[in-house]
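> Could you look at this predicted model? Sequence included:
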Amino acid sequence: MADEREPLRSASEEISKEFKTLVDSSAVNSILQSQNLILGRLQDSNAVLSHFNDLSENCFSEVSTDFSRNTRLLRVMKSDLDYIFLKLRSLKAKIMATYPDAFPDSSAIQALDQRPDLELPR
């Protein structure tokens, strides 16, 4: 078994010697230094990004409860306003049925109401 490995070992050593002659050792050392420099920079960047992610996670956990509460509040306010406007429209319809001259016609309403429409984008 040892006899079989000896030719393989000598062939491997011969090939490695040939590879060493193909590349200048100073170029290999320069490449290694560049790779170590890049590795250091990437590790620094990774540390900064990990810190940023931790900070973002903490900020999000602090803000998310407020955001959820305010979202629920806005939904309740919208449903309340929808109910109020529904009641106002029905009340206006009843008044119009009882007193037809109580509100001006549609052309006069457009002339009186010069407020911007908040539903449409500008």
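Done, it's in. What you see is a predicted model; the values in this text were computed from it and never measured. Residues are numbered from 1 along each chain as shown.

> Tell me where the chain has helices.
Counting by DSSP state H, the segments of the chain that form helices are 2-22, 25-98, 106-112.

> Reformat the ones you listed as a markdown table; add mean pLDDT and mean neighbour count.
All C-beta spots, glycine's among them, are computed from the backbone N, C-alpha and C. Shown next, in a markdown table, are the helices of the chain (pLDDT from 0 to 100; neighbours: other C-beta atoms under 10 Å):
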| stretch | mean pLDDT | mean neighbour count |
| --- | --- | --- |
| helix 2-22 | 81 | 9 |
| helix 25-98 | 93 | 10 |
| helix 106-112 | 57 | 9 |
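
> For residue 99, give me phi and psi.
phi -130, psi 90 (degrees, to the nearest 10).

> That one: neighbour count?
9 (other C-beta atoms under 10 Å).

> For residue 38, give its distance to residue 97.
As judged by C-beta to C-beta, to the nearest Å, residue 38 and residue 97 stand 81 Å apart.

> cool, residue 29 as well?
Here residue 29 is placed at a distance of 96 Å from residue 97 (C-beta to C-beta).

> again with residue 39
Using C-beta to C-beta, residue 39 is found at 82 Å from residue 97.

> next one: residue 87
Separation of residue 87 from residue 97 (C-beta to C-beta): 16 Å.

> Ok, residue 73 next?
36 Å.

> Check residue 72 too.
To residue 97, residue 72 is 38 Å away according to C-beta to C-beta.

> same check, this time on residue 66
From residue 66 across to residue 97, the span is 46 Å (C-beta to C-beta).

> what does residue 86 give?
Using C-beta to C-beta, residue 86 is found at 17 Å from residue 97.

> Residue 58 now?
In terms of C-beta to C-beta, residue 58 sits 60 Å off from residue 97.

> Dead centre of this protein: give me the residue that sits there.
Centroid-nearest residue in the chain, with C-alpha atoms, centre = their mean: residue 56, separated by 11.4 Å.
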